[in-house]
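Peer 1: take a look and give me a structure for this.
(chains A, B, C and D, ligands or ions: 2)
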Amino acid sequence: MSFSIKKQGDVVVVDVEGQLIVGNRQELKQKVLDELERGERKFLIDFSQTGYIDSSGLGVLVSLSKKIREQGGELRLASLNDDLKTLFELTKLDTLFQIADSRERGLASF
Amino acid sequence: MSFSIKKQGDVVVVDVEGQLIVGNRQELKQKVLDELERGERKFLIDFSQTGYIDSSGLGVLVSLSKKIREQGGELRLASLNDDLKTLFELTKLDTLFQIADSRERGLASF
Amino acid sequence: MTGTSNGSTDQGRGGHVHVRVALEFHIPSDVRYIEQVVALVARQCRELHFHPRQVALNVPVALTEALSNAILRGNEARAAAHVQVRAQVDEDRLIMEVVDEGSGFDLAECLVDPTRPENVTREDGRGLYLMSRLMDRVERYTNHGNVVRMTLERDD
Amino acid sequence: MTGTSNGSTDQGRGGHVHVRVALEFHIPSDVRYIEQVVALVARQCRELHFHPRQVALNVPVALTEALSNAILRGNEARAAAHVQVRAQVDEDRLIMEVVDEGSGFDLAECLVDPTRPENVTREDGRGLYLMSRLMDRVERYTNHGNVVRMTLERDD
Ligand SMILES: Nc1ncnc2c1ncn2[C@@H]1O[C@H](COP(=O)(O)OP(=O)(O)O)[C@@H](O)[C@H]1O
Ligand SMILES: Nc1ncnc2c1ncn2[C@@H]1O[C@H](COP(=O)(O)OP(=O)(O)O)[C@@H](O)[C@H]1O
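Peer 2: Ligands and ions are numbered 1, 2, ... in the order given. Below you'll find the model as predicted:
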């Protein structure tokens, strides 16, 4: 599993490859916070290559969302497959995040 | 698993694809006996595509060898991998059969 | 017939192969081992023809939660403490048991509803809830350690 | 780390995942089921890093022999009679138990040496011999049926 970060326009796009779970969520958190530190404000996390997410992965998304918002920025999510969508629905986190069907729509939404 | 039969020169060559075991040995036996009935006398069984052989598979080879010899014919074996060779050695059937390293050598040996 | 196809296979003459697979793991209290264990259990479920959603969502998420709780809560990540995982899969259901060396906890008391408005922005507290939503049954008992037992009936 | 790699995996920090896999099968007394059962047991051995020769030769041949004896000798191929197979694999060894509904047999008495000159041209009588040569231990006992138990220590 790994996280790859690239900039598209003024949006930082993060791909989560594999799982986002207790064993690696800190890595994601640190990578995004580093970009925030550098002055980035628009973040899109793309889950098209993601397997599963556990509660601590969800927790990191909640935490990042707060921290980015505190700096006047925005975190959005994209490309959740049906199983991941279910996870967000079960936890009502689909009400907390703006979730786009695709990376393109996510990018266009900023 | 399957057995494919083709004629090369005056030799009937049988390929054993997959296992030669209690569940399918009768099929091999019948195919070879049919050829014997038709007048064929030289038989080469090629094991290059064979997985494993059980005691009843070995038994069928012994049986065919006898029946072919009774008709003045010859059964030879070819292309045993190391594991199959071990099986023939353990049972001393390597002393009963003429075994060629390759199909070509097997064909040339008649 | 292939070596990778598992599960119950009807072979025409009214016969049937019944398969039950039991996996048992011992892992140190380190969350880096979770993914490997989860992958093997999920694979067995896939091979026994559990629904793709169960294989991709219910099983991995619930087991990851139980394992991380066992490692971080039960064993408090003490390196010398171990976690045992027992998974039993057949054509009807999956039963997973995760055993830690802690003194246990009260399931009903610890399970909070993370979907309540005051909880939805919390960073933690979704583990037991997800386990209970993704499994058909979650139980806790003590038997040579703290055992969390989860049952999932197979969907086609 | 991959989902298909099984077995014990050292992850650097002195830790170690210990895996034990138990497979259990119930099959009707029909030799056509043998290959499927054998493939699954052999695969587990491969994944737990048994020697390729053990995976390709020792395990499949010995298990095929035990199964065909259980089906054809123990159960005399009676369709209603079943054969149970239990296989337990870990990083040390494989233990296989094949249970039929027959009344059992005397292992020492039934085991003939097929390599003796008078036997080498026989068509049958090599099954128990191969089992004993390909396994480290073969035992027979009665416990809810006739049980043949075979043990193979793992070679790297
Ligand atoms: N294996 C365990 N051993 C001890 N306590 C546990 C265990 N699993 C869960 N708990 C308790 O239940 C609480 C809620 O767990 P959970 O819903 O997974 O959320 P979180 O772990 O994020 O707090 C934990 O904080 C802990 O007090
Ligand atoms: N499961 C079993 N139940 C009853 N008898 C058995 C069983 N397995 C082996 N035997 C006895 O042992 C004999 C030798 O078996 P084996 O060495 O496999 O050779 P074969 O099956 O070719 O005769 C059999 O003929 C049978 O009498």
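
Peer 1: does stretch A:58-68 reach chain C?
Peer 2: Yes - judged by C-beta under 8 Å from any C-beta of the partner chain, stretch A:58-68 comes into contact with chain C at A:58-60, A:62-63, A:66. No exception for glycine: its C-beta is placed from N, CA and C like everyone else's.

Peer 1: which of these has the most neighbours?
Peer 2: residue A:58 (25 neighbours; other C-beta atoms under 10 Å in any protein chain shown).

Peer 1: are we agreed that that residue is in a helix?
Peer 2: Yes - using DSSP: H, G, I helix; E, B strand; the rest coil, the assignment for residue A:58 is a helix.

Peer 1: before we move on, the earlier item: between the residues of stretch A:58-68 next to chain C, which sits nearest ligand 2?
Peer 2: Taking C-beta to the nearest ligand atom as the measure, ligand 2 sits nearest to residue A:58 out of the residues of stretch A:58-68 next to chain C, at 54.8 Å.

Peer 1: quick one: residues contacting the closest one.
Peer 2: By C-beta atoms under 8 Å, 6 or more residues apart in numbering or on different chains, the contact list for residue A:58 reads A:87-88, A:91, A:93, C:126.

Peer 1: quick check: residue C:123 is in a helix.
Peer 2: No - when three-state DSSP is applied, residue C:123 is found to be coil, with no helix at that position.

Peer 1: quick one: contacts for it?
Peer 2: Neighbouring residues of residue C:123 by C-beta under 8 Å, 6+ apart: A:59-60, A:62-63.

Peer 1: try residue A:46
Peer 2: Each residue near residue A:46 by C-beta under 8 Å, 6+ apart is listed here: A:13-16, A:78-79, A:103, A:106.

Peer 1: now, which of those residues sits nearest ligand 1?
Peer 2: Set against ligand 1, the nearest of the contacts of residue A:46 by C-beta to the nearest ligand atom is residue A:16 (19.9 Å).

Peer 1: let's verify that closest one: helix, strand, or coil?
Peer 2: strand.

Peer 1: using TSV, please lay out the residues of stretch A:58-68 next to chain C together with pLDDT and distance to residue A:45.
Peer 2: Listed next are the residues of stretch A:58-68 next to chain C as TSV, based on pLDDT from 0 to 100; distance: C-beta to C-beta, whole Å:
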residue	pLDDT	distance to residue A:45
A:58	98	12
A:59	98	14
A:60	98	10
A:62	98	12
A:63	98	13
A:66	97	15
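
Peer 1: ok and the residue in chain A nearest chain B?
Peer 2: Per C-beta to the nearest C-beta, residue A:51 is where chain A lies closest to chain B, at 33.8 Å.

Peer 1: how about the residues of stretch A:58-68 next to chain C in TSV, adding distance to residue D:117?
Peer 2: Output for the residues of stretch A:58-68 next to chain C, formatted as TSV (distance: C-beta to C-beta, whole Å):
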residue	distance to residue D:117
A:58	74
A:59	75
A:60	75
A:62	80
A:63	80
A:66	85
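
Peer 1: what's near enough to touch the residue most central in space within chain A?
Peer 2: Centroid check for chain A by C-alpha atoms, centre = their mean gives residue A:45 as the closest residue, at 3.3 Å. Applying C-beta under 8 Å, 6+ apart, we find residue A:45 in contact with A:13-14, A:16, A:61, A:75-78.

Peer 1: look up phi and psi at it.
Peer 2: Reported as degrees, to the nearest 10, the phi and psi values for residue A:45 are phi -100, psi 120.

Peer 1: surely residue A:87 touches residue C:57?
Peer 2: Yes - counting by C-beta atoms under 8 Å, residue A:87 does reach residue C:57; the two are 6.8 Å apart.

Peer 1: can you give me the buried ones in the least confident helix or strand in chain A by mean pLDDT?
Peer 2: In chain A, no helix or strand scores lower on mean pLDDT, DSSP states H and E than strand A:2-8, which sits at a mean of 95. Neighbour-count burial for strand A:2-8 flags A:3, A:5 (criterion: 16 or more other C-beta atoms under 10 Å in any protein chain shown).

Peer 1: show me how far it is from its chain's centre.
Peer 2: Relative to the chain's own centre, strand A:2-8 is displaced by 11 Å; criterion: C-alpha atoms, centre = their mean, to the nearest Å.

Peer 1: and stretch A:16-36, by the same measure?
Peer 2: The answer for stretch A:16-36 is 9 Å, by C-alpha atoms, centre = their mean.

Peer 1: equivalent analysis for stretch C:85-105, please.
Peer 2: How far stretch C:85-105 lies from its chain's middle: 6 Å, per C-alpha atoms, centre = their mean.

Peer 1: filter the contacts of residue A:45 down to the ones near chain B?
Peer 2: Counting by C-beta under 8 Å from any C-beta, no member of the contacts of residue A:45 reaches chain B.

Peer 1: what's the most distant pair in those?
Peer 2: A:13 and A:61 (15.0 Å; C-beta to C-beta).

Peer 1: and the two? which has more neighbours close in?
Peer 2: Taking other C-beta under 10 Å, residue A:13 and residue A:61 do not tie; residue A:61 has more neighbours (23 against 19).

Peer 1: what segments of the chain are helices?
Peer 2: Using chain A. A:25-37, A:55-70, A:82-90, A:103-108 (DSSP state H).

Peer 1: look at chain C instead
Peer 2: Using DSSP H, helices in chain C cover C:34-47, C:52-53, C:59-68, C:107-110, C:127-134.

Peer 1: for these, which one sits closest to ligand 1?
Peer 2: Smallest distance to ligand 1 across these (C-beta to the nearest ligand atom): 2.1 Å, for helix C:127-134.

Peer 1: so which bits of that closest one are buried?
Peer 2: Those would be C:127-134, for helix C:127-134 by 16+ other C-beta under 10 Å.

Peer 1: what sits closest to the closest residue to ligand 1 within chain A if chain neighbours are left out?
Peer 2: At 5.8 Å from ligand 1, residue A:55 is the closest residue in chain A, using C-beta to the nearest ligand atom. Of all residues not flanking residue A:55 in the chain, residue C:126 sits nearest, at 3.7 Å (C-beta to C-beta, 6 or more residues apart in numbering or on different chains).

Peer 1: what sits against that neighbour?
Peer 2: Counting by C-beta under 8 Å, 6+ apart, residue C:126 touches A:55, A:58-59, A:91, C:114.

Peer 1: for beta bridges, what are the partners of the nearest residue to residue C:137 once chain neighbours are set aside?
Peer 2: Nearest non-adjacent residue to residue C:137, counting by C-beta to C-beta, 6+ apart: residue C:151, 4.2 Å away. Listed by DSSP bridges, the beta-bridge partners for residue C:151 are residue C:95, residue C:137.

Peer 1: so is the longest strand along chain C next to chain A?
Peer 2: Secondary structure of chain C per DSSP state E: the longest strand is strand C:18-28. No - Strand C:18-28 is not in contact with chain A by C-beta under 8 Å from any C-beta; minimum separation 12.1 Å.
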